[in-house]
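Student: My questions concern the predicted model and sequence given below.
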Amino acid sequence: MRNQTALGSWDIREVEKAAKGLTMQAVTLSHRYISDGGLKMQFVREVDRFEQCLVNDFKSGKKDKETVFKELQKEKQSLIEQGDLIFKKGVGFIASVMQVTTGAGICYASAAALCFIGGPMMAHGANNLYENGKYFWDGDENATGPVRKGYQHAAESLGYSKSHGDIAYYGTDLALSAYGILAKTTTAKNAAEAYQIASKRNLNPIPWTRTQKAKQFKLFRYSAEDYLRGYQASSRLALGTELAGDGITAYSLYDEVNK
């Protein structure tokens, strides 16, 4: 086994520089995806501890320089990929909560007369909430909820593929969302109420340290908590979130059509 005295000072500086590069990447991502100051610090500290362990392993001879570089690069790439997907899923998660509350508001305001619209809207919102929320829970970016599965089964029973079911699902989702935006000013609860519903104790996920793959999804964990802790939206921001969610759905629809 090597020890620090057997290592060249240049090698040590190279490893430490690469390790600090990972921490700086974490700082950049924390500013981009986490607004709560305390959560930012926790996230950066966790990444910093990870890189310090790798540096210590190198200095003690447990790992060579090439192995440490590979592990640092792998972690850095993982964080970047998580960041690329967090915006999509995070907007989808919040938009899903508003979709559910908008559907409920339509049913309530119309004395159930428009529940034929509000009901499907709530069902789609709950399904989207599951699919986007599961991503933050365990990193599953391809989760399929029961409502979308229903569309897929219906398409297959008619002799079509699951992809056609997805196209029908996304198309219906866009139509319902468009109606919800038009009806929102008179029938739907506002975004602050949606946040309160999403923050109720019985909807909180189990502690992150107990979830599967908890250590692998550092940025997911902190950004997910930040979305629910920090979402105090104005009506303008709520509308923007819905429109962004619709844009993501439209892209998914386009992707399915062009498969």
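Tutor: Good, I have the coordinates.
Student: now the helices: where do they sit in the stretch 101-250 of the chain?
Tutor: For the stretch 101-250 of the chain, applying DSSP state H, counting those that start in this stretch gives helices covering 115-138, 146-157, 162-187, 191-198, 218-230, 235-257.
Student: where does this structure dip in pLDDT?
Tutor: For the chain, the stretches with pLDDT under 70 are 1-7, 136, 139, 180-218, 220-221, 223-259.
Student: I'd like to know which elements the helix or strand that contains residue 89 is packed against.
Tutor: Taking DSSP states H and E as the definition, residue 89 sits inside helix 65-109. Applying 3 or more CB pairs under 8 Å, 6 or more residues apart in numbering; DSSP states H and E, one finds that helix 65-109 contacts helix 9-33, helix 37-60, helix 115-138, helix 162-187, helix 191-198, helix 218-230, helix 235-257. The way it works is simple: take the backbone N, C-alpha and C, and place the C-beta from them, glycine included.
Student: Leaving out sequence neighbours, find the closest residue to residue 47.
Tutor: residue 26 (3.8 Å; CB to CB, 6 or more residues apart in numbering).
Student: Next, the contact list for that neighbour, please.
Tutor: Contact partners of residue 26, counting by CB atoms under 8 Å, 6 or more residues apart in numbering, are 43, 44, 47, 48, 79.
Student: Output stretch 130-137 as CSV, nothing but the C-alphas.
Tutor: The C-alpha trace of stretch 130-137 is given here as CSV (Å, rounded to 0.1, in the frame of the first residue of the first chain):
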residue,chain,number,x,y,z
TYR,A,130,-47.7,10.1,-9.2
GLU,A,131,-45.4,10.0,-12.3
ASN,A,132,-43.5,13.2,-11.5
GLY,A,133,-43.4,12.6,-7.8
LYS,A,134,-42.1,9.1,-8.1
TYR,A,135,-39.1,10.5,-10.0
PHE,A,136,-38.1,12.6,-7.0
TRP,A,137,-38.8,9.7,-4.7
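Student: Would you check how far apart residue 83 and residue 34 are?
Tutor: Distance, residue 83 to residue 34, by CB to CB, to the nearest Å: 10 Å.
Student: Mind checking which of those two has more residues around it?
Tutor: Each of residue 83 and residue 34 has its neighbours counted (other CB atoms under 10 Å); residue 34 has more, 25 against 18.
Student: okay but the more buried one is in contact with residue 44, surely?
Tutor: No. The criterion here is CB atoms under 8 Å, and residue 34 misses it with residue 44 at 9.4 Å.
Student: Common neighbours of these two, please.
Tutor: Common contacts of residue 34 and residue 44, defined by CB under 8 Å, 6+ apart, are absent altogether.
Student: mind listing what the residue lying closest to residue 148 once chain neighbours are set aside touches?
Tutor: Leaving aside its sequence neighbours, residue 148 sits nearest to residue 169 (CB to CB, 6+ apart; 4.9 Å). Going by CB under 8 Å, 6+ apart, residue 169 touches 124, 147, 148, 151, 152.
Student: what's the closest of the residues you listed to residue 21?
Tutor: Checking those against residue 21 with CB to CB, the nearest one is residue 148 at 40.2 Å.
Student: count of residues packed around the closest one?
Tutor: The number of residues near residue 148, taken as other CB under 10 Å, comes to 22.
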